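Novice: Here you go, sequence then predicted model.
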Amino acid sequence: MSDAQTSAKHDFEKGLAGSSTDVAAFERPERPLIDRIQHRLHARPEFVPLIVLVLSLAVFGILLGSKFFSPFALTLILQQVAIVGIVGCAQSLVILTAGIDLSVGAIMVLSSVVMGQFTFRYGLPPEIAVLCGLACGTFCGFINGALVAWMRLPPFIVTLGMWQIVLAANFLYSANETIRSQDIEAQAPILQFFGEKFNIGGAVFTYGVIAMFLLVLVLNYVLNHTAWGRHVYAIGDDPDAAELAGVRVARMRISVYTLAGLICAIGGWAMIGRLGSVSPTTGQFTNIESITAVVIGGISLFGGRGSILGMLFGALIVGVFSLGLRLIGTDPQWTYLLIGMLIIGAVAIDQWIRKVAA
């Protein structure tokens, strides 16, 4: 082979190598920034409420200064959202399975009434009365789960009916009687345990706030690092596929609703500590407030996607707006207006993320 032929062959092979490199580079283009953001939000939907929370803190901090950023004001927000945060954990578990629970507020109140009535009407030791209240909430959750899982009734209809039944049972059983704070403090202080306060550097915390954070952390670990948690997400994403994969869907749904009932009962105990008294008329809108925290927190109402941490951020956003606008002196209706806009915006973002990144 001549030198010219050798040189031509070398140039041809070099050209093939260069063209293959160009083709490989062409087949894997870099994603646009907006596409990367959508995929990131699909993987970590709690980032959206976290960003909103940070921005709202910054805005009210600029407008109000030290009046808003004082340790007392910030911990007051935590105290105000503790009940919603606890019940929001129950609501989050149910919504992650593509369900919904409209009875969480009524179960919470009935559990607190049982704790109070068993102590003062029947004379049971307060510790036993607390256990009876927890059992009551757990049983109500089990009934919800059984109707949804075994009878295959829509969760919306089941929990709507349970809300009415529990609400009526609550008023009939308690005879609309309020147990006063002074009586509880004198005879059964354990009922007010979650309302006890302690001071850390000027910040006032309650055991209810600590319970909320512990519950969120435990459930966040369970949902992300256990088989039970993976099954919850699988059922919410596609129950038929989960069934084919070996997940016992009916049993899982019952366990979710039962656990939600227990958490609501814990919320009822915490509510006694927050208010100091046992009243059958309080907490009637907690079901709506918990759904608000869940939706703003980025948990999809279609199930299978979201984070307990996002729910906590959503509850804190509502608390920040409520306190901030109150300190500014605006009409309380502005709070409902802004929260309503946040709810619609959160659902719109969820739909956008699902459409592009699913």
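Specialist: Thanks, I have the structure now.
Novice: how about the strands in the stretch 151-300 of the chain?
Specialist: In the stretch 151-300 of the chain, the strands defined using DSSP state E, counting those that start in this stretch lie at 197-200, 203-206.
Novice: right, and these - which one's nearest A175?
Specialist: Closest of the strands of the stretch 151-300 of the chain to A175 is strand 203-206, at 29.7 Å (criterion: CB to CB). Backbone N, C-alpha and C define where each C-beta goes, glycine included.
Novice: Now mean pLDDT and mean neighbour count too, for the strands of the stretch 151-300 of the chain, in JSON lines please.
Specialist: JSON lines is the format used below for the strands of the stretch 151-300 of the chain (pLDDT from 0 to 100; neighbours: other CB atoms under 10 Å):
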{"stretch": "strand 197-200", "mean pLDDT": "87", "mean neighbour count": "11"}
{"stretch": "strand 203-206", "mean pLDDT": "88", "mean neighbour count": "18"}
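Novice: Can you lay out these as TSV showing distance to L223?
Specialist: Shown next, in TSV, are the strands of the stretch 151-300 of the chain (distance: least, CB to CB, whole Å):
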stretch	distance to L223
strand 197-200	29
strand 203-206	25
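Novice: out of those, which comes closest to Q80?
Specialist: Of all the strands of the stretch 151-300 of the chain, strand 203-206 sits nearest to Q80, with 10.6 Å by CB to CB.
Novice: Alpha carbons only: can I get that closest one in PDB?
Specialist: This file holds the C-alpha atoms of strand 203-206, laid out as PDB (Å, rounded to 0.1, in the frame of the first residue of the first chain):
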ATOM      1  CA  ALA A 203     -38.900  30.800  72.800                       C
ATOM      2  CA  VAL A 204     -42.000  29.200  74.400                       C
ATOM      3  CA  PHE A 205     -42.600  25.600  73.300                       C
ATOM      4  CA  THR A 206     -45.400  23.200  74.300                       C
END
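Novice: And it, what does it pack against?
Specialist: Applying 3 or more CB pairs under 8 Å, 6 or more residues apart in numbering; DSSP states H and E, one finds that strand 203-206 contacts helix 71-96, strand 197-200.
Novice: quick one, which of those is packed in tightest?
Specialist: Mean neighbour count (mean count of other CB atoms under 10 Å) peaks for helix 71-96 among those, with a mean of 24.
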